[in-house]
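Trainee: Whatever this is, show me its structure:
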Amino acid sequence: MRKSIIIMALALVSWSVYAQHDHANMHGKQEEGQEVKRYDTDKKFQDQLGGLYESSLILTEAFVSSDPALVKRKAVDIKKAMGKVDMKLLKGQAHMDWMKYSTLMNSSIIVFEKAESLAEQREAYATFSANLYKSLKAFGSNGKEAYYQHCPMALNNTGAYWLSDKAEIRNPYFGDAMMKCGSTKEKIND
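Mentor: Below is the predicted model of the structure:
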């Protein structure tokens, strides 16, 4: 237990140093053309990550419905799915990258649960989605298909991404107000 706490603390310190020097990507948001290092990953880890991705689809639908109370309830499922991803299956830089991505996703989950407004939740959702995307690209999901989609008008016209299991656009940043706003930027079939 103590060793795990020390490892976590070191990872957070190293992530803090990294984040201070990553001004263009402060919140872990994915930009087009940004490369993600691919790792040869244990299939068990990929299955666990695939479970997290599947749980995220239900969260996305809560955002599509523009229901902040539902987002809070679905955040509990995301937290459980995150807890099932065993980082001990990763070594070296792969482990460090997962720590970086998972730290940002866990921070987003806290916002989902505690935020008073849907706007705050959606801002955190952009960070969560970008880091889940990076995780799927880096580690794979053992064959799960994902569409990485983008709305240029989201978050006050700064744009934001999300993952879907369907090519059809169902915008989680605007819901019914602009359901079809966006496009698929990448299809992940790993």
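Trainee: mind listing the strands in the chain by residue range?
Mentor: Taking DSSP state E, the strands of the chain run over residues 145-151, 160-164, 183-189.
Trainee: Quick one: distance of the first one to the chain centre.
Mentor: Put simply, strand 145-151 sits 12 Å off its chain's centre (CA atoms, centre = their mean, to the nearest Å).
Trainee: follow-up on the earlier one: let me know which of the strands of the chain is the nearest to A119.
Mentor: For the strands of the chain, proximity to A119 was assessed by CB to CB; strand 160-164 is nearest, at 12.0 Å. (C-beta placed from N, C-alpha, C; glycine too.)
Trainee: Check which helices and strands that closest one sits against.
Mentor: Applying 3 or more CB pairs under 8 Å, 6 or more residues apart in numbering; DSSP states H and E, one finds that strand 160-164 makes contact with helix 43-64, helix 118-139, strand 145-151.
Trainee: Would you mind giving those as JSON lines with mean pLDDT added?
Mentor: What follows is those, written out as JSON lines (pLDDT from 0 to 100):
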{"stretch": "helix 43-64", "mean pLDDT": "97"}
{"stretch": "helix 118-139", "mean pLDDT": "98"}
{"stretch": "strand 145-151", "mean pLDDT": "97"}
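Trainee: Could you dump the ones you listed into JSON lines and include distance to K91?
Mentor: Below are the helices and strands packed on strand 160-164 laid out as JSON lines (distance: least, CB to CB, whole Å):
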{"stretch": "helix 43-64", "distance to K91": "11"}
{"stretch": "helix 118-139", "distance to K91": "12"}
{"stretch": "strand 145-151", "distance to K91": "25"}
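Trainee: Check those for me and report the most buried one.
Mentor: helix 118-139 (a mean of 23; mean count of other CB atoms under 10 Å).
Trainee: export that helix as PDB, just CAs?
Mentor: This file holds the C-alpha atoms of helix 118-139, laid out as PDB (Å, rounded to 0.1, in the frame of the first residue of the first chain):
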ATOM      1  CA  LEU A 118     -23.600  21.500 -17.200                       C
ATOM      2  CA  ALA A 119     -21.100  24.000 -18.800                       C
ATOM      3  CA  GLU A 120     -18.500  23.000 -16.100                       C
ATOM      4  CA  GLN A 121     -19.200  19.400 -16.700                       C
ATOM      5  CA  ARG A 122     -18.800  19.800 -20.400                       C
ATOM      6  CA  GLU A 123     -15.500  21.500 -20.000                       C
ATOM      7  CA  ALA A 124     -14.300  18.600 -18.000                       C
ATOM      8  CA  TYR A 125     -15.800  16.200 -20.500                       C
ATOM      9  CA  ALA A 126     -13.500  17.600 -23.200                       C
ATOM     10  CA  THR A 127     -10.500  16.800 -21.100                       C
ATOM     11  CA  PHE A 128     -11.800  13.400 -20.200                       C
ATOM     12  CA  SER A 129     -12.600  12.600 -23.900                       C
ATOM     13  CA  ALA A 130      -9.200  13.800 -25.100                       C
ATOM     14  CA  ASN A 131      -7.300  11.600 -22.600                       C
ATOM     15  CA  LEU A 132      -9.500   8.500 -23.200                       C
ATOM     16  CA  TYR A 133      -8.800   9.000 -26.900                       C
ATOM     17  CA  LYS A 134      -5.000   9.200 -26.200                       C
ATOM     18  CA  SER A 135      -5.300   6.000 -24.000                       C
ATOM     19  CA  LEU A 136      -7.100   4.100 -26.800                       C
ATOM     20  CA  LYS A 137      -4.500   5.200 -29.300                       C
ATOM     21  CA  ALA A 138      -1.600   4.400 -27.000                       C
ATOM     22  CA  PHE A 139      -2.700   1.100 -25.600                       C
END
